[in-house]
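Peer 1: Take a look and give me a structure for this.
(2 chains)
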There are 2 protein chains.
Amino acid sequence: YEMATRTLWLLVLVSLSVCICVCRASSTQEDSAMENIVTEKKAEESHRQDSADLLIFIMLLTLTILTIWLFKHRRFRFLHETGLAMIYGVLVGVVLRYGIHVPRDISNATLSCPVNASPATLLINVSGKFYEYTLKGEINANEVDDVQDNEMLRKVTFDPEVFFNILLPPIIFHAGYSLKRRHFFRNMGSILAYAFLGTVISCFVIGLLMYGCVMLMKQVGQLDGDFFFTDCLFFGAIVSATDPVTVLAIFNELQVDVDLYALLFGESVLNDAVAVVLSSSIVAYQPQGDNSHTFEVMAMLKSFGMFLGVFSGSFALGVATGVFTFTKLRDFPLLETALFFLMSWSTFLLAEACGFTGVVAVLFCGITQAHYTFNNLSPDSQDRTKQLFELLNFLAENFIFSYMGLTLFTFQNHVFNPMFIVGAFVAVFLGRAANIYPLSFLLNLGRRNKIRSNFQHMMMFAGLRGAMTFALSIRDTATYARQMMFSTTLLVVFFTVWICGGGTTQMLSCQRIRYLSNPLLVLLSERRSTKHESAWLFRIWYNFDHNYLKPILTHSGPPLTATLPPCCGPLARILTSPQAYENECQLKDDDSDLILTDGDINLTYGDITVSTDASGAHTSSGPAFAGGATSDDLDRELTYGDHELVMRGTRLVLPMDDSEPPFTDPHHRLRM
Amino acid sequence: YEMATRTLWLLVLVSLSVCICVCRASSTQEDSAMENIVTEKKAEESHRQDSADLLIFIMLLTLTILTIWLFKHRRFRFLHETGLAMIYGVLVGVVLRYGIHVPRDISNATLSCPVNASPATLLINVSGKFYEYTLKGEINANEVDDVQDNEMLRKVTFDPEVFFNILLPPIIFHAGYSLKRRHFFRNMGSILAYAFLGTVISCFVIGLLMYGCVMLMKQVGQLDGDFFFTDCLFFGAIVSATDPVTVLAIFNELQVDVDLYALLFGESVLNDAVAVVLSSSIVAYQPQGDNSHTFEVMAMLKSFGMFLGVFSGSFALGVATGVFTFTKLRDFPLLETALFFLMSWSTFLLAEACGFTGVVAVLFCGITQAHYTFNNLSPDSQDRTKQLFELLNFLAENFIFSYMGLTLFTFQNHVFNPMFIVGAFVAVFLGRAANIYPLSFLLNLGRRNKIRSNFQHMMMFAGLRGAMTFALSIRDTATYARQMMFSTTLLVVFFTVWICGGGTTQMLSCQRIRYLSNPLLVLLSERRSTKHESAWLFRIWYNFDHNYLKPILTHSGPPLTATLPPCCGPLARILTSPQAYENECQLKDDDSDLILTDGDINLTYGDITVSTDASGAHTSSGPAFAGGATSDDLDRELTYGDHELVMRGTRLVLPMDDSEPPFTDPHHRLRM
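Peer 2: Numbering: from 1, shown residues only, chains lettered A, B, ... in the order given. Below you'll find the predicted structure:
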């Protein structure tokens, strides 16, 4: 057992060193020969180089996975996989930066053509032959000499668009797909407030503070380039996207209060969407005339209109494709899974192609698909899609975090300004505080189930910055301001993931937030809290959804003929599927239960299972952490608990139960 | 039901037209404004364009999936999904080519710099600012004017390296992973002969015939550029890679003879590997001196040595990583699946980075992992990996085929030469014949279970060209010869996939190859044929594998302490895992059975299940095609068959049974 593990580690390390060697070797093997062979060789070299670069990342991921496994095995909870991926990334970054010296490549000539434009495509006439060149970007005048030295480092640097088009979509989709639907909808009002109002508040507070900081720096003479107010606001927008994946993973393991979980998760998911649209609106703020960095009402209104337009457009697009992904290929799970996957991705691309925000569209597509389309899938496909998205999310997330670590050393244009960094940390802290505390106070005025102050502190503490902040900040690093932002953002992410993420368990016990390692207790405590809390917004939504949307969009729910007024009879008959009639007797019964029955409790419990899958990495970590002896006890208690519920006359077919991803193994479900 | 399907179709078509519109729109929206905004807008446009391009492909795939489903539903068997994907690709290609006119883009300036080199990176000094450009490739002098017109078409054209680095690996890996292991190993000798000798014969026969054809063309004056003998050989190598995915899918559905299946599948899989290495060896043939296209013994020997070196290196690397992917993360299926996936991909990248051939490495990695590592996975991960690779294979395959259809119209440098095309078709036909018939004759001298003449005709007929041929031919289209090859290859692929693929059922019945829709008959016929056929190569391999390799590399098999001679006792004890001891009693028993027991029959039957998965798309198509009434009959008969076997004293734990991917649903397995 131990031997095998060691062999694997050895293999990984050997491969890592091989690929670093190849990196080094491939950059030195340039010899001059016939022109034809040279270009062919160069193409081969560049191909090899690309393979070696990718290999580095894959080996990093492998290392991360192995270490995570070790940690889980040893029940070591201070460092989450994302933090770990970052550490490995930093280490490899150091090696690439300082361990490998690339000799100057003579063939990279600098041309000083007397042109007065920088077209996207260049055709260059070299002694009769035409060569095509594509624009890669602008380079600072003082870095021109470095370009050749750092060829290798730049090779390891990906096109930022890769993050937006390939790595972010699965993460965001998975987040939407695994939103704790019931608790999410129950806390919808608060979540929307935190996500929309809170993000905007946080953005402006951070923006203003940073503007003060930048003004101060200008006074002291610490600023080497332009830094406008819009830049400050942009910075505010990108660091307002929270990503508490580390915290939520620990919440899952410890079975922390479900409402706190729903608030945090829901906020952070919607948060990302708001931050993306907000930042692009800020970039679009372009006052007319020469003085392009002054305040102008029209431009601001335009930006605001753009924010609303893009957000609602993306929302509508995502919901539309989510709803219309009817899959009737039940007999062919492979086709079904493929179609489901393609439709999700095409939502993203369609939104981007239309000028909307793909991230937002894919998020709402995920939420809608989980709520409606999921029910139409065959059980086999339900498992497959869940597992597929889980895997994609896991890989993409760890890739981004290890890349983050790597860029700390391999990125070429870092601008670390101590004053700006200190200012940013203070601003981020205050911005988060200005989001959570005032809003919680206001929300508590309307909520029956108050957000207690220890919950507020926990939400404040869990304001980690992650993948989205990074992707937004690396997207454009052309100007001095953006470079400084990028470097600072990187530090903010590192700090929050390592310090806040690592201290979650301490913080939980410090704030005396109960975490129940015994699911039955969660069940019972839920029962207590559920009765006296049922937001009107949720109630209206639930009735509409259950009576009209579900029957139209899925096979489940009562037939429309039963829920629509009699005058709509013919329409109802057209829209109702034959399968829905079969459910009639059974569901009508449920329907009369309304929302708050004993059934809810069991359902809540079912939700925990879903949330356990939400973090991606912890599907079956529950049993492992529960340990051998406890797990049996749990089983016994749960059986007893179930029994008790049945005794009190609770049915197992519950109002919203059909929207839950089913688990083939009932024990798996219960143990969670 | 029907309504929903129609809605989905509508949605797909709308999206397709939207993205084509965006394609068109985005190319026209260039207006002149401030420089800064222009570049930003340009970046946004290019991003939109990329999204729209990808969207086209995703919509194509979606369309394909929907149509496949319709075909499967209606039991329409003449057109395979790959053929269908090609047709859709052609249609969209026509629209892109002739339906959309792109106005001349003024901002793409042509520079005529007085430089005498074409470096990979160019720095251009535009009024004080430095811009970086990267080399994209050489352009024919007479096409310089077209470049701007065809900007859009070129955008739809992917970097050929994408095929090699992203799309081919999953296809090849999946092929290796789902090789019908038992039948593959039983026919190993013949398969290796067809794959190695046969491919080389076919390559040289086609090469010589094409050289004759090219000479003739030169005489007639039909040749507009250089075409050397090495080019002819290269063409021979790339069109020697067969890809009978269409044929095998039909074989699966009809339960055609398993030996024929194994021969065809095994040949085509290894074939690809040989063709890749062969073509790269031919490209590497570089006689010294000025006269670079004459015959030279040293250069040929060098090429031959390179072939052997690269092939065996890739083989060793693939087998090594396949064997050493010990995964001991049984408690965490997600981590396990991720690790498995990453290790498979890193094999590919490692091989490419080391200068070996990734395709070959990943193939043997797949074979080894299926044989050894698969057994160490937890059941959950076994399902997950199987489904994941199945999905990836399905998507990649259909993507390549639809792209193939697209390039028929969007590729810029087509050279359709009627004489060359006719010559190529004749040469491909004769090359295949020179591979199959003589080799079959020679093999039949040694085989106890002869390859009958109708099998030979079927193998001849099933010599389809597919993804690998396309990927190899698109990789380099710089010279006139390569462009002509590419166009011709495309036609060969189209013809074989549509005509040969579509006519498989006709050919089967014409050649009177029994296909048994009743699995029990397969079972019984297998029993007859199994007894008197057991290749010595297979027998030696099996014993070695079962007694030594399996115990070392997996938890299954007898403990080494039982199989190694007593003198090796201490070593054996170190290498044996505790789990192996538990199997001891049971497996020792099996061990004494040797290979040919009644058990084999059941096992063979199990293999059919595996083969059904091999085609990727047909996992559960069996039951659907069997139809309602028949399926029940089958069940009854199968139960009876099982019963009969048990009556004769066959155990259900079989020698190699552990290497079979287990299926959770036993009915699923039996019905196949």
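
Peer 1: where's the closest residue to A:Leu263 other than its chain neighbours relative to A:Ile201, distance?
Peer 2: Distance criterion Cβ to Cβ, 6 or more residues apart in numbering or on different chains; nearest residue to A:Leu263, sequence neighbours excluded, is A:Asn187 at 5.7 Å. Placement of C-beta: from N, CA and C, glycine included. Here the distance between A:Asn187 and A:Ile201 works out to 19 Å (Cβ to Cβ, to the nearest Å).

Peer 1: The two: which has the busier surroundings?
Peer 2: Shown here are A:Asn187 and A:Ile201; by other Cβ atoms under 10 Å in any protein chain shown, A:Asn187 has more neighbours (30 against 20).

Peer 1: Tell me the spacing between that one and chain B.
Peer 2: Distance, A:Asn187 to chain B, using Cβ to the nearest Cβ, to the nearest Å: 28 Å.

Peer 1: For that residue, give me phi and psi.
Peer 2: Main-chain dihedrals, A:Asn187, degrees, to the nearest 10: phi -100, psi 20.

Peer 1: Surely A:Phe486 is in contact with A:Ile474?
Peer 2: Yes - judged on Cβ atoms under 8 Å, A:Phe486 makes contact with A:Ile474 at a distance of 6.2 Å.

Peer 1: Look at A:Gly137 and report its pLDDT.
Peer 2: We have a pLDDT of 61 for A:Gly137.

Peer 1: actually A:Ser620, sorry about that
Peer 2: Confidence at A:Ser620, expressed as pLDDT, is 34.

Peer 1: Listing request: residues of the stretch 501-650 of chain A with sub-threshold pLDDT.
Peer 2: In the predicted model, the stretch 501-650 of chain A carries pLDDT under 70 at residues A:514-539, A:551-650.

Peer 1: Do a quick rundown of the strands in chain A.
Peer 2: For chain A, the strands defined by DSSP state E cover A:110-111, A:121-126, A:129-139.

Peer 1: For A:Glu161, see how far away A:Gly93 is.
Peer 2: As judged by Cβ to Cβ, A:Gly93 and A:Glu161 stand 21 Å apart.

Peer 1: Between the two, which is the more surrounded one?
Peer 2: It is A:Gly93, of A:Gly93 and A:Glu161, that has more neighbours when counted by other Cβ under 10 Å, with 22 against 15.

Peer 1: does chain B sit close to stretch A:475-485?
Peer 2: No - using Cβ under 8 Å from any Cβ of the partner chain, we find that stretch A:475-485 stays clear of chain B, coming within 8.7 Å at best.

Peer 1: Apologies, that question was intended for stretch A:354-361.
Peer 2: Yes - using Cβ under 8 Å from any Cβ, we find that stretch A:354-361 touches chain B at A:354-355, A:358.

Peer 1: Check which residues of that stretch are buried.
Peer 2: A:354-361 (16 or more other Cβ atoms under 10 Å in any protein chain shown).

Peer 1: Enumerate every residue touching the closest residue to A:Gly366 other than its chain neighbours.
Peer 2: Spatially, and ignoring its direct neighbours in sequence, A:Gly366 is nearest to A:Gly176 (2.7 Å; Cβ to Cβ, 6+ apart). Contact analysis of A:Gly176 by Cβ atoms under 8 Å, 6 or more residues apart in numbering or on different chains lists A:269, A:362-367, A:370.

Peer 1: Show the pLDDT at the nearest residue to A:Phe229 once chain neighbours are set aside.
Peer 2: Among residues not flanking A:Phe229 along the chain, A:Tyr211 sits closest, at 5.4 Å (Cβ to Cβ, 6+ apart). A:Tyr211 carries a pLDDT score of 91 in this model.

Peer 1: What of the one 4 residues further on?
Peer 2: In the predicted model, A:Met215 carries a pLDDT score of 90.

Peer 1: Measure how buried it is and give me the count.
Peer 2: Residues lying near A:Met215 (other Cβ under 10 Å) number 14.

Peer 1: now do A:His174
Peer 2: Using other Cβ under 10 Å, the number of residues around A:His174 comes to 28.

Peer 1: A:Val428 too?
Peer 2: 26.

Peer 1: so what's it up against?
Peer 2: Taking Cβ under 8 Å, 6+ apart, one finds A:206, A:239, A:463, A:465, A:492 in contact with A:Val428.

Peer 1: Okay, and which of the residues you listed map to helices?
Peer 2: Among the contacts of A:Val428, the members falling in helices are A:206, A:492 (criterion: DSSP state H).

Peer 1: Which one of the contacts of A:Val428 is nearest to B:Phe341?
Peer 2: Closest approach between those and B:Phe341, by Cβ to Cβ: A:Arg465, at 28.3 Å.

Peer 1: Now do that closest one against A:Met404, distance only.
Peer 2: For A:Arg465 relative to A:Met404 (Cβ to Cβ), the value is 10 Å.

Peer 1: Same question for A:Gly355.
Peer 2: 29 Å.

Peer 1: What of A:Val428?
Peer 2: As judged by Cβ to Cβ, A:Val428 and A:Met404 stand 17 Å apart.
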